[in-house]
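Peer 1: sequence plus the predicted model coming up.
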Amino acid sequence: MRQFVMFGIVGGSGTVVNLAVIYLVTKLAGAGGFSEHDVFANLFGTQWNIRWYHVFMFVAFLVANTWNYQLNRMWTFKGISKKSWLRGFFPFLTTGLVSLAISQVMVTLLMNPTSPIALPSDIFDDSSGLRTKFYWASAISILAAMPVNFLINKVWAFRRAPVQAIVEVPPH
């Protein structure tokens with residue numbers, strides 16, 4: 001339970017980093033003349049699209065995932081024997097990609113006006129920061145993916161090294 005709380009604190013700070021990056025890239029996109037709602041790429045015709053908000057979430061994920069890995073390595077799971085930074089990072093990144101997939105599905109459902117769980121456009125009309133649908137969808141999707149992220153990290157990315165049995169070889 002202690003590790004889960006610590007992981008949650010690190011995740012909370014990572015959420016702040018994630019949302020800050022989303023805010024920055026959204027503002028940069030707006031300054032560049034396009035919106036997070038615009039289509040980035042069409043998949044299988046016009047019905048399926050990757051939108052800029054999917055790309056923004058990926059960029060924010062990479063920054064926040066690196067942030068979270070370093071903090072979890074130094075604090076949450078510090079007692080566990082350490083691999084090299086890169087050898088430990090790739091399982092953490094892979095775990096994060098599972099969480100990112102969950103987040104991407106969730107944010108798509110929250111942003112798509114035809115989805116049964118879409119955030120209401122009359123409340124989240126993008127007229128101000130607190131009424132920006134993408135910000136709320138991002139935060140909700142992060143919270144939805146967190147338990148899965150913790151469990152996979154606990155049992156895989158930050159697992160304890162197996163105890164090696166000491167075998168005594170009798171002298172010849």
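Peer 2: Sure thing, it's come through.
Peer 1: could I get the average pLDDT for stretch 29-49?
Peer 2: Mean per-residue pLDDT for stretch 29-49: 83.
Peer 1: and the end-to-end length of that stretch?
Peer 2: 18 Å (C-alpha to C-alpha, to the nearest Å).
Peer 1: same check, this time on stretch 155-171
Peer 2: Per C-alpha to C-alpha, the first residue of stretch 155-171 is 39 Å away from its last.
Peer 1: show me what contacts residue 107?
Peer 2: With contacts defined as C-beta atoms under 8 Å, 6 or more residues apart in numbering, residue 107 is in contact with 53, 54, 57, 134, 137, 138, 140, 141. In short, each C-beta sits where N, CA and C put it, glycine included.
Peer 1: can you redo the residues you listed as JSON lines with distance to residue 106, secondary structure and neighbour count?
Peer 2: Output for the contacts of residue 107, formatted as JSON lines (distance: C-beta to C-beta, whole Å; DSSP: H, G, I helix; E, B strand; the rest coil; neighbours: other C-beta atoms under 10 Å):
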{"residue": "53", "distance to residue 106": "12", "secondary structure": "helix", "neighbour count": "25"}
{"residue": "54", "distance to residue 106": "12", "secondary structure": "helix", "neighbour count": "18"}
{"residue": "57", "distance to residue 106": "10", "secondary structure": "helix", "neighbour count": "26"}
{"residue": "134", "distance to residue 106": "12", "secondary structure": "helix", "neighbour count": "24"}
{"residue": "137", "distance to residue 106": "8", "secondary structure": "helix", "neighbour count": "24"}
{"residue": "138", "distance to residue 106": "9", "secondary structure": "helix", "neighbour count": "28"}
{"residue": "140", "distance to residue 106": "7", "secondary structure": "helix", "neighbour count": "17"}
{"residue": "141", "distance to residue 106": "4", "secondary structure": "helix", "neighbour count": "24"}
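Peer 1: report the two of those separated the most.
Peer 2: 54 and 140 (15.5 Å; C-beta to C-beta).
Peer 1: still on that earlier bit, from the contacts of residue 107, pick the one nearest residue 100.
Peer 2: residue 57 (7.3 Å).
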